[in-house]
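>>> curious how this folds, go ahead:
(one chain, ligands or ions: 1)
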Amino acid sequence: MDKDRIISKFIEYVKIPSPSYKEGDFAKVLKKDMEELGFEVIVDKAGEKAGSNTGNLIGFLKGNKDVEPIMFCAHMDTVTPCENIEPIIEDGIIKSKGNTILSADDKAGIIGILEGIRYVKENNIPHGDIEVVFTICEEVGLYGSKYLDYSKIKSKMAFVLDASGEIGGVNVQGPAQTQIYGKFHGKAAHAGLSPEKGINAIQVASKAISNMKLLRIDEETTANVGIIKGGSATNIVADYAEMELEARSLKEEKLEKQVNHMIEAMEKAAKEFGAKVDIDVKYAYPTFLLNEDEPILDIIKKAMEKLNIVYKPSTTGGGSDTNIFNSKGIKAATLGVGMFNAHSVNEYIACNDLVRLSQLVASIIESH
Ligand SMILES: [Zn+2]
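Residues are numbered from 1 along each chain as shown. Down below sits the predicted model:
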């Protein structure tokens, strides 16, 4: 593995801003790099549906070994702040200057995939057909994988390089998520002269929240109020308030039960105060669960064993492209890429882990 090239490529990638919906500049660079590696690359139409300035990149590399095709995936978009990222290397650790994210999430995943494949090619390691998918808009709702052109994908197995934490970690189970939007309509009145004539929408919303079971519901289920807005002045009885909530569970029926409970709490509060509530429910993504004997996990275990990486299966509370792939019949697992403190200005990754991640990708290809 060429450590210097891996690190300089990573530095080059993190310096190209690629916030969700604006992955276009980065996608152009990646497409060129993939083509230089021998990939045939297409840009699908997901961008039009998601509202991004590019679609997903789908790359095909013809194999010379008679095995089923496999897919590697990472997302191109990042959270913010991601403008003018200045990576700093200190004691073998890459971090940002402190005023932006680093964007190892998920550019470390992209590096691992491309450099691992480069190694396989340069060392003439036999491999089957390889598909590489770099998605858009993962961070804002998994839109890249939701709108991916699946007619172009042959693989029935996908290695998604996008989990925080150490290399060796593998997410084999994840929850489904539903988002709930509540809009409370009360009645305005002068708060000093005639408050009894008003219906305070903020009060209704807070009553609804106080009636809800939230945060940790059980070991498989969570729920949260994330956003609440409303009102215009202290001397006006607020006639409007809105809130955004979510619920997640590893069991679909538990999720449904929790969502119904949250809806009922809102309806009940509105009724109690004589207010009106409009509720919008959006099912974001389904659960996934890989059985221990799933062939994809055998490949991962074998690949890790060769590199003395300890295989650590885990359940995640988050959602990723992995949820969507599994729902489309592609067995997918999310691999730890060695990044820490993702989604914050304290994000970092070790130089050696970028190398190890590339080795792991090469080892997966070799072990298949
Ligand atoms: Zn990510």
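>>> residues contacting Asp2?
By Cβ atoms under 8 Å, 6 or more residues apart in numbering, the contact set of Asp2 is Glu115. C-beta: built from backbone N, CA, C; applies to glycine.
>>> measure it to Met34 for me?
Look at Asp2 and Met34: by Cβ to Cβ, to the nearest Å, they are 18 Å apart.
>>> try Asn341
Distance from Asn341 to Met34, by Cβ to Cβ: 29 Å.
>>> with Met243 instead?
Counting by Cβ to Cβ, the gap from Met243 to Met34 is 43 Å.
>>> of Asn341 and Met34, which one has the most company?
Met34 (22 against 16; other Cβ atoms under 10 Å).
>>> tell me where the stretch 101-250 of the chain has helices.
Counting by DSSP state H, counting those that start in this stretch, the stretch 101-250 of the chain has helices at residues 104-122, 143-146, 201-210.
>>> out of the ones you listed, deepest packed?
Among the helices of the stretch 101-250 of the chain, helix 143-146 has the highest mean neighbour count (mean count of other Cβ atoms under 10 Å), at a mean of 27.
>>> just checking, what packs against that helix?
Counting contacts by 3 or more Cβ pairs under 8 Å, 6 or more residues apart in numbering; DSSP states H and E, helix 143-146 is packed against helix 46-50, strand 130-135, helix 321-327.
>>> give me the neighbour count for Glu83.
By other Cβ under 10 Å, the residues close to Glu83 number 9.
>>> surely it is in contact with Pro17?
Yes. Between Glu83 and Pro17 there is a contact at 5.3 Å, judged by Cβ atoms under 8 Å.
>>> so where do the strands sit in the stretch 101-250 of the chain?
Shown for the stretch 101-250 of the chain, the strands assigned by DSSP state E, counting those that start in this stretch span residues 130-135, 157-163, 169-174, 176-185, 215-218, 221-230, 240-249.
>>> is the first one anywhere near the ion?
In this case it means strand 130-135. No. Judged by Cβ under 5 Å from the ion, strand 130-135 stays clear of the ion, getting no closer than 9.9 Å.
>>> any chance of the helices and strands packed on helix 143-146 in a markdown table with distance to Gly336 as columns?
Shown next, in a markdown table, are the helices and strands packed on helix 143-146 (distance: least, Cβ to Cβ, whole Å):
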| stretch | distance to Gly336 |
| --- | --- |
| helix 46-50 | 26 |
| strand 130-135 | 18 |
| helix 321-327 | 13 |
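>>> out of those, which is closest to Ser367?
With Cβ to Cβ, the closest approach to Ser367 among those belongs to strand 130-135: 13.4 Å.
>>> that closest one to strand 157-163, inter-axis angle?
40 degrees (axes from the mean of the first three to the mean of the last three Cα atoms, to 10 degrees).
>>> quick one: strands adjacent to strand 130-135?
In the sheet, strand 130-135 lines up against strand 57-61 (antiparallel), strand 70-75 (parallel) (DSSP bridges).
>>> average pLDDT for the last one, rounded please.
This points to strand 70-75. For strand 70-75, the mean per-residue pLDDT is 98.
>>> run the chain-centre distance for the helix or strand that it is followed by.
Per DSSP states H and E, strand 70-75 leads on to strand 88-90 as the next helix or strand towards the C-terminus. In terms of Cα atoms, centre = their mean, to the nearest Å, the centre of strand 88-90 is set 26 Å apart from its chain centre.
>>> was I right to think Lys197 contacts Lys187?
Yes. Using Cβ under 8 Å, Lys197 makes contact with Lys187 at a distance of 7.3 Å.
>>> compare the two (neighbour count), which wins?
Lys187 (17 against 11).
>>> hang on, isn't that one packed against Asp239?
Yes. Between Lys187 and Asp239 there is a contact at 5.6 Å, judged by Cβ under 8 Å.
>>> which pLDDT value belongs to the residue nearest in space to the middle of the chain?
Central residue of the chain (Cα atoms, centre = their mean): Ser320, 3.6 Å from the mean position. Looking at Ser320, its pLDDT reads 95.
>>> can you list the weak-confidence ranges in the stretch 101-250 of the chain?
Nowhere does the stretch 101-250 of the chain drop to pLDDT under 70.
>>> and Ile180, how far is that from the ion?
24 Å (Cβ to the ion, to the nearest Å).
>>> what residues does the stretch 101-250 of the chain have near the ion?
Near the ion, when you scan the stretch 101-250 of the chain using Cβ under 5 Å from the ion, you find Asp105, Asp106, Asp162.
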